[in-house]
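>>> How does the following fold in three dimensions:
(one chain, ligands or ions: 2)
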Amino acid sequence: MRSSQLDSARHFLSEFDLSADEFRQIIKRGGEFREQHESGTSEALLPRRTLGMIFEKSSTRTRVSFEVAMTQLGGHAIYLSPNDTQIGRGEPIEDTSRVLSEMVDVISVRTFSHTALERFAAASRVPVINALTDLLHPCQMLADMQTFLDHSGDIAGKRVAWIGDGNNMCNSYINTAKLLDFELLIACPDNYTPDANLLTAAGSNAQRVTTPAEACRGADLVVTDVWASMGQEEEEAQRKKAFADYCVNMQLMQETAEGALFMHCLPAHRGEEVEADVIDGPMSVVWAEAGNRLHAQKALIEFLLTRS
Ligand code: CP
Ligand code: NVA
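Ligands and ions are numbered 1, 2, ... in the order given. Next up, the predicted model:
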């Protein structure tokens, strides 16, 4: 059984590694995991399974959610940083991947280059999960979509506003708009646009608009993220100037549809990409969104190890 599983390792590097039905199945299952967690009835469904977690960038939510997920599923997670492993001393990523996949059952990787992640996955005999690259953050999308489902129902046909940087989260929203068939309106400065190929591929599901107000008009969900992502620390001052008109405030939220939600993958900078009265106000679901990282990733791991 084990070797046939290994021969057909299923990876989650991009939203498009799941069909729309599979994506919806995982976020629905995430809801069941949340209910079990809240009622104290969660089961150890994956005893003795091990997740190897490579983090080449900082993390609070992703690291803790994966680690707790494996504990609750009855397995174990190992945190691997470049500083403490041979990764940081130049061992080829393909070799690291092959070695880890001799020992662990699933691997999550947070790194800079998406191409490097793809090379890592191509060499792996066990499922590889994208825990964030410069291009995409698909695990966050599972949590965001589970949160939207919980609060507002299926997102198909709904309108979503992206305000700010055309970064990894924006790219992931573009892919998910195409996959789950919602309308994404993106307000970003000219020099900070999302990946052009992903935007083109999304067709009518995603488009740039001129102003944040235009993006928010009639939106069912407003999303933003930091102005300077990890790895862009030296651009912070320049970015603060470029994004000065891209702060999600109450005036923008008043443009939205009845019952609209606000999301942010966190960490947030109050007074920069979002005002405190929005992120700490009644339209914000950021804490449920963060909590759903745990439940959605339990569903993802279960899917990759037992159902795919
Ligand atoms: N949202 C998110 O991925 O947070 P961390 O960087 O803390 O993992
Ligand atoms: N865009 C941010 C997301 C952090 C979860 C970054 O890449 O730093």
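>>> Residue ranges in the protein under the pLDDT threshold?
Applying pLDDT under 70 to the chain picks out residues 1-7, 308.
>>> Buried residues in the top helix by length along it, which are they?
Taking DSSP state H as the criterion, the chain has its longest helix at helix 20-39. Residues of helix 20-39 classed as buried: 22, 23, 24, 26, 27, 29, 30, 31, 33, 34, 37 (neighbour count, 16 or more other CB atoms under 10 Å). Every C-beta, even on glycine, is put in place using the N, C-alpha and C of the backbone.
>>> A strand includes residue 44, no?
No: counting by DSSP: H, G, I helix; E, B strand; the rest coil, residue 44 falls outside a strand, being coil.
>>> gap between it and residue 122?
Residue 44 sits 32 Å away from residue 122 when distances are taken as CB to CB, to the nearest Å.
>>> cool, and residue 219?
38 Å.
>>> what residues are up against residue 60?
residue 267 (CB atoms under 8 Å, 6 or more residues apart in numbering).
>>> Let me fix that, I meant to ask about residue 163.
Contacts of residue 163 (CB under 8 Å, 6+ apart): 187, 188, 212, 215, 216, 222, 223, 224, 246, 248, 252, 273.
>>> and of those residues, the nearest to residue 170?
In terms of CB to CB, no member of the contacts of residue 163 lies closer to residue 170 than residue 188, at 7.1 Å.
>>> How about the closest one: what's its closest non-neighbour residue?
Leaving aside its sequence neighbours, residue 188 sits nearest to residue 166 (CB to CB, 6 or more residues apart in numbering; 4.6 Å).
>>> Can you classify the one you found by secondary structure?
Criterion first, three-state DSSP; result for residue 166: coil.
>>> Tell me how many other residues surround it.
Using other CB atoms under 10 Å, residue 166 has 23 neighbouring residues.
>>> what's the answer for residue 194, then?
The burial count assigned to residue 194 is 25, neighbours taken as other CB under 10 Å.
>>> Make sure I have this right: it is in a helix.
No: Residue 194: not assigned to a helix; according to three-state DSSP it is coil.
>>> about what we covered before: beyond the longest helix of the chain, next helix or strand please.
Proceeding N to C from helix 20-39, the next assigned helix or strand is strand 50-55, under DSSP states H and E.
>>> what's that next one packed up against?
For strand 50-55, the packing partners by 3 or more CB pairs under 8 Å, 6 or more residues apart in numbering; DSSP states H and E come out as helix 61-72, strand 76-80, helix 93-103, strand 106-110.
>>> Now do the buried residues in stretch 71-78.
By 16+ other CB under 10 Å, the buried positions in stretch 71-78 come out as 72, 73, 75, 76, 77.
>>> can you map out the helices along this protein?
Along the chain, the segments classed as helices by DSSP H run 2-7, 20-39, 61-72, 93-103, 114-123, 138-152, 168-180, 196-202, 212-216, 236-242, 250-253, 276-279, 286-302.
>>> which stretch among the ones you listed comes nearest residue 229?
Nearest of the helices of the chain (CB to CB): helix 168-180, 6.7 Å.
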